[in-house]
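Novice: quick one, what's the 3D model for this:
(one chain, ligands or ions: 1)
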Amino acid sequence: MDRLIEAIENAQNPSVVGLDPTPALVPPQVVASFADEVRDSVEDPAEIPAAQLAVAYFEFNRAIIDAVADIVPAVKPQIAMYEAIGPAGVDAYTMTCEYAQQQGLYVLGDIKRGDIGSTAAAYAGHLSGVTGSDGEAQPFDPWHEDAVTVNPYLGTDGITPFVDAAAAADKDIFVLVRTSNPSSKELQELDLADGGKLYEHVADLVEGWGSATIGSHGYSRVGAVVGATHPEEGAALRERMPRTFFLVPGYGAQGGTAAGVAGMFDKNGSGAIVNSSRGIIGAWKKTGEYRDDMSAGEALDLVASAARRAASDMRDDLRVNVYR
Ligand SMILES: O=C(O)c1cc(=O)[nH]c(=O)n1[C@@H]1O[C@H](COP(=O)(O)O)[C@@H](O)[C@H]1O
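Specialist: Numbering: from 1, shown residues only. Here you go, the predicted model:
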């Protein structure tokens, strides 16, 4: 986690931009502008719409990355949005991760994987690719992610392969603990026989899973996902998990606020990074400046300038509330 913590300190900004493109979030003229390029390169005409959207997603992301790379320390591409359009989308995801790393950004791959140990070891290829059998594996990095999110529902033997891969590749993982969605309480708030809640039990497991990987800033490679929509629980988890860094999604579009997440930071103003996806990549839609007759270039410029404004507003909002 040291690389992320140092990137946050350099930017003086504990926020991460979520790159979660959807067809509704990309200006239509930007998608349309790639029609000729794609038509010439795709054999099966049925694949043209997805291929065109995939190219548009990458150019949309590139414009946003270029506009915020000097403001934010990290980006969080959500693989679901890319998988939704098939293999071309996954290529756009990987190209986005690689481009963001080339711009010096920490890439948090939001893939939320979880499985039995043998399969988890394959999924951990997201952190360090696996080629050949034991001993012959040549490290390679096909996904260009610095961290991935994982689902702990299968318990320790489903997580250990991710921790091992993260340690081997100087990367990190973030484990779902108290998620931002409304239905999370159906499971996470269940009362346990010992008087605690299920998410607190998961929190204790996460703190333990990271205990052998504490870095120079006092946090382990095993982070936790704690929703901005749960301010009180988040503040209590901050105390309960002194060696666990938090990824805090739910700011902005889901109603989370800077004041609400302040308690998720430690006394030095570290310990967490706050995500906003739609609030930043969709900011252009709220400017009132978009016009259907804009060129693709003008529309992308608006996407970029609005994202930059939203990212700097979020940085200032967090600085006022967190860096007390
Ligand atoms: O793992 C995550 O990042 C995550 C966990 C969680 O509890 N809630 C949550 O919203 N997320 C992700 O954070 C992003 C939130 O997007 P916005 O609501 O648009 O800011 C999405 O990519 C979600 O998948």
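Novice: who's in contact with Glu145?
Specialist: With contact set as CB atoms under 8 Å, 6 or more residues apart in numbering, Glu145 has these partners: 97, 107-109, 126-127, 171. The C-beta positions use only the backbone N, C-alpha and C, and glycine is treated the same way.
Novice: and the closest residue to it other than its chain neighbours, what element?
Specialist: Nearest-residue entry for Glu145: Gly109, 3.4 Å, with adjacent residues in sequence omitted and distances by CB to CB, 6 or more residues apart in numbering. When elements are defined using DSSP states H and E, Gly109 is found to belong to strand 106-113.
Novice: only C-alpha atoms, please: export that strand in CSV.
Specialist: Taking only C-alpha atoms (Å, rounded to 0.1, in the frame of the first residue of the first chain), the coordinates of strand 106-113 have been written out as CSV:
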residue,chain,number,x,y,z
TYR,A,106,-2.1,4.0,-9.5
VAL,A,107,-4.6,1.7,-11.1
LEU,A,108,-7.2,0.1,-8.9
GLY,A,109,-8.8,-2.7,-11.0
ASP,A,110,-12.4,-3.1,-9.7
ILE,A,111,-13.0,-6.7,-10.6
LYS,A,112,-14.5,-8.1,-7.3
ARG,A,113,-13.3,-11.6,-7.9
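Novice: any part of it near the ligand?
Specialist: Yes. Remark: strand 106-113 sits within contact range of the ligand at 110, 112, by CB under 6 Å from any ligand atom.
Novice: buried stuff in that strand?
Specialist: Of the residues in strand 106-113, those with enough neighbours to count as buried (16 or more other CB atoms under 10 Å) are 106-113.
Novice: can you pull the contacts of the residue lying closest to Tyr106 once chain neighbours are set aside?
Specialist: By the measure of CB to CB, 6+ apart, the closest residue to Tyr106 outside its immediate chain neighbours is Ala74, 4.0 Å from it. For Ala74, the set of contacting residues under the criterion of CB under 8 Å, 6+ apart consists of 4, 7-8, 16-17, 105-108, 146, 273.
Novice: turn the residues you listed into a markdown table, columns for pLDDT.
Specialist: Conversion of those to a markdown table gives the following (pLDDT from 0 to 100):
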| residue | pLDDT |
| --- | --- |
| Leu4 | 98 |
| Ala7 | 98 |
| Ile8 | 98 |
| Val16 | 98 |
| Val17 | 98 |
| Leu105 | 98 |
| Tyr106 | 98 |
| Val107 | 98 |
| Leu108 | 98 |
| Asp146 | 98 |
| Ile273 | 98 |
